[in-house]
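*Asks:* need coordinates for the following:
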Amino acid sequence: MGDDRVKLLFVDHVPEMGGGQVVLQRLVENLSRDRFCPAVACAPEGALWRFCERQGVPHFAHWLGEDLRALGRYRTRPNCRSAVAAATVAALQRLRRAIRLHRAGLVHCNSNKDHLIGGLAGRLARVPVVWHMHDMLLPTVMPTVTRQTLRAAAMVTCSRLLAVSEATAESLRRQGFPGSQLRTVLNGVAPDVVGPATPGRLRRELGVSAATPLVGIVGRLCPWKGQQVFLRAAAEIAKDRPVHFVLIGGDILADRGYRSELEALARRLGIAHRVSFTGARDDRLGLLCDLEVVVHASVEPEPFGLVVVEAMLAEKAVVASDAGGVREIVVSGETGLLVPPGDAAALARACLYLLGCPKRRQDMGRRGRARALQCFSARRMTEEVESLYAELLRSSGRGGRS
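*Replies:* Predicted structure coming up:
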């Protein structure tokens, strides 16, 4: 008998691990193998490539030239237009070949550049295309030409826009994306995503005693994630309590060198001896158990806030920026505290309050874990995405075999 499963091709060129790549992994892990056969087009030897090798998932080489990769939310003009054009054509050809070899019946694109290139490849292959929107398309964070290009391409190549939060969906509506294409599916994490905890490991690594509270921020180092606000708040907290501060995460993509700027800021604030940078860590979530408070400090609205859910699963009280998708995660006063984005003084006050109220902090942590398990599970997310796939495949006449 033939294989009646629908073959899916996930497309993501990013070699490092960010929130979008974590969500893609969870989808691939939890998809019903009775109904679907996934493959991933990703950067050779990158994080997703290694994940596919471990999981035995078919994978195809997909990468972008350096000039094309360098185009991002803050830079829209390439150094060499011909190099960008050549890289785009080459990437499109590789994706068309991957679709053909896997006999994909649906293409799922996972980043803005992949929406454009993978969307066109899927359109040429005449299969449904899903854009998984992990970014807020706001004028403050994305140039007009980028937003207009994405909107125009969505009209032509995209079958459904999958928003990771209601805040993200609303940002798309405001930019003129058709509401009929939109579907919101909140991100989900596995209950065991935090992994086995080894209490004291981070403290031993940093040389910090058990009597010294640890306050940390987790996530890739880039300006809009607000690590500079975290350090300014740390300087205020340090005036009141002997706290050590930890930044867990590394530079990626166009923000290489930002760590050096943060280290210089810590020196100017006079707290360099109280601040540690762990760099990128595969075990970053296992380090959460040693933190008294986990901070989320994005200065722009967060599309979702995956690390906030992960911290809640670790039973940690969270102090987070009151904007974007985070509002759909944190119940302020119950599972954490919300503060105005960019307000270092408010962030410091919230952290000091939690540091001074251990019982209150622990109660928030327990409620946070219960909420994360109930509302943000990977299984729920996957089932909702599978339902979307089924709907698209029925409407395209591809309900069964690819």
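*Asks:* tell me the helix or strand right after the lowest-mean-pLDDT helix or strand in the chain.
*Replies:* Using mean pLDDT, DSSP states H and E, helix 66-70 stands out as the lowest-scoring helix or strand of the chain, at a mean of 71. Heading C-terminal from helix 66-70, the first helix or strand you meet, by DSSP states H and E, is helix 81-102.
*Asks:* check which helices and strands that next one is in contact with.
*Replies:* strand 6-12, strand 36-42, strand 59-61, helix 66-70, helix 112-125 (3 or more CB pairs under 8 Å, 6 or more residues apart in numbering; DSSP states H and E). Glycine gets a C-beta too; all of them are placed from N, C-alpha and C.
*Asks:* neighbours around residue 383, how many?
*Replies:* Residues lying near residue 383 (other CB atoms under 10 Å) number 16.
*Asks:* just say helix, strand or coil for it.
*Replies:* Three-state assignment for residue 383 (DSSP: H, G, I helix; E, B strand; the rest coil): helix.
*Asks:* quick check, residue 131 in a strand?
*Replies:* Yes - under three-state DSSP, residue 131 falls within a strand.
*Asks:* count of neighbours near it?
*Replies:* 30.
*Asks:* distance of it from residue 14?
*Replies:* 15 Å (CB to CB, to the nearest Å).
*Asks:* check residue 379 too.
*Replies:* In this structure, residue 379 and residue 14 are 25 Å apart, going by CB to CB.
*Asks:* repeat that for residue 156.
*Replies:* 24 Å.
*Asks:* which stretches of this structure have low pLDDT?
*Replies:* 1-2, 70-79, 193-197, 252-256, 398-402 (pLDDT under 70).
*Asks:* kindly check the end-to-end length of stretch 35-54 for me.
*Replies:* 21 Å (CA to CA, to the nearest Å).
*Asks:* what residues of that stretch count as buried?
*Replies:* If you call a residue buried by 16 or more other CB atoms under 10 Å, then stretch 35-54 has these buried ones: 36-43, 46-49, 51-52.
*Asks:* possible to save these as JSON lines with distance to residue 102?
*Replies:* JSON lines is the format used below for the buried residues of stretch 35-54 (distance: CB to CB, whole Å):
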{"residue": "36", "distance to residue 102": "12"}
{"residue": "37", "distance to residue 102": "8"}
{"residue": "38", "distance to residue 102": "9"}
{"residue": "39", "distance to residue 102": "5"}
{"residue": "40", "distance to residue 102": "10"}
{"residue": "41", "distance to residue 102": "9"}
{"residue": "42", "distance to residue 102": "13"}
{"residue": "43", "distance to residue 102": "17"}
{"residue": "46", "distance to residue 102": "19"}
{"residue": "47", "distance to residue 102": "21"}
{"residue": "48", "distance to residue 102": "15"}
{"residue": "49", "distance to residue 102": "15"}
{"residue": "51", "distance to residue 102": "17"}
{"residue": "52", "distance to residue 102": "12"}
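*Asks:* isn't residue 213 up against residue 246?
*Replies:* No - when contacts are counted by CB atoms under 8 Å, residue 213 is not listed as touching residue 246 (10.9 Å).
*Asks:* so those two - more neighbours on which side?
*Replies:* More neighbours surround residue 246 than the other of residue 213 and residue 246, with 25 against 19 (other CB under 10 Å).
*Asks:* bridging residues for the nearest residue to that one once chain neighbours are set aside?
*Replies:* Spatial nearest neighbour of residue 246, excluding adjacent residues (CB to CB, 6 or more residues apart in numbering): residue 216 at 3.9 Å. When assigned by DSSP bridges, residue 216 has beta-bridge partners residue 246, residue 294.
*Asks:* give me the number of neighbouring residues for residue 216.
*Replies:* Neighbours of residue 216 (other CB under 10 Å): 25.
*Asks:* show me what contacts it?
*Replies:* With contact taken as CB atoms under 8 Å, 6 or more residues apart in numbering, residue 216 is in contact with 245-248, 287-288, 291, 293-295.
*Asks:* and if you look at residue 186?
*Replies:* Applying CB under 8 Å, 6+ apart, the residues contacting residue 186 are 164-165, 304, 328, 375-376, 381.
*Asks:* same thing with residue 266?
*Replies:* Counting by CB under 8 Å, 6+ apart, residue 266 has contacts 231, 234, 272, 275.
*Asks:* switch to 7 Å and redo it
*Replies:* Counting by CB atoms under 7 Å, 6 or more residues apart in numbering, residue 266 touches 231, 272, 275.
*Asks:* just residue 98 next, same as before
*Replies:* By CB under 7 Å, 6+ apart, the contact set of residue 98 is 9, 41, 60, 62.
*Asks:* ok, residue 315 next?
*Replies:* Residue 315 neighbours (CB under 7 Å, 6+ apart): 365-366, 368-369.
*Asks:* residues in contact with stretch 306-314?
*Replies:* Stretch 306-314 has contacts (CB under 7 Å, 6+ apart) with 19, 22, 187, 189, 191, 193-194, 218-219, 285, 288-289, 294, 296, 318, 320, 326, 329-330, 335, 368-369, 371-372, 376.
*Asks:* okay, domains of the protein per the record?
*Replies:* Domain assignment of the chain by automatic domain parsing yields the ranges 6-188+377-396, 201-375.
*Asks:* just checking, residue 290 touches residue 206?
*Replies:* No - with contact defined as CB atoms under 7 Å, residue 290 does not reach residue 206; the gap is 8.8 Å.
*Asks:* neighbour count winner among these two?
*Replies:* Neighbour count, other CB under 10 Å: between residue 290 and residue 206, residue 290 has more, with 21 against 16.
*Asks:* any idea how far the residue nearest to the more buried one when sequence neighbours are not counted lies from residue 336?
*Replies:* In space, and not counting its chain neighbours, residue 290 is closest to residue 202: 4.1 Å by CB to CB, 6+ apart. To residue 336, residue 202 is 21 Å away according to CB to CB.
*Asks:* repeat that for residue 200.
*Replies:* Distance from residue 200 to residue 336, by CB to CB: 24 Å.
*Asks:* more neighbours: which of the two?
*Replies:* Counted by other CB under 10 Å, residue 200 and residue 336 do not tie: residue 336 has more neighbours, with 30 against 12.
*Asks:* how about that one, phi and psi?
*Replies:* Residue 336 adopts backbone torsions of phi 170, psi -170, taken as degrees, to the nearest 10.
*Asks:* dump the residue contacts of it.
*Replies:* Contact partners of residue 336, counting by CB under 7 Å, 6+ apart, are 317-320, 330, 364, 368.
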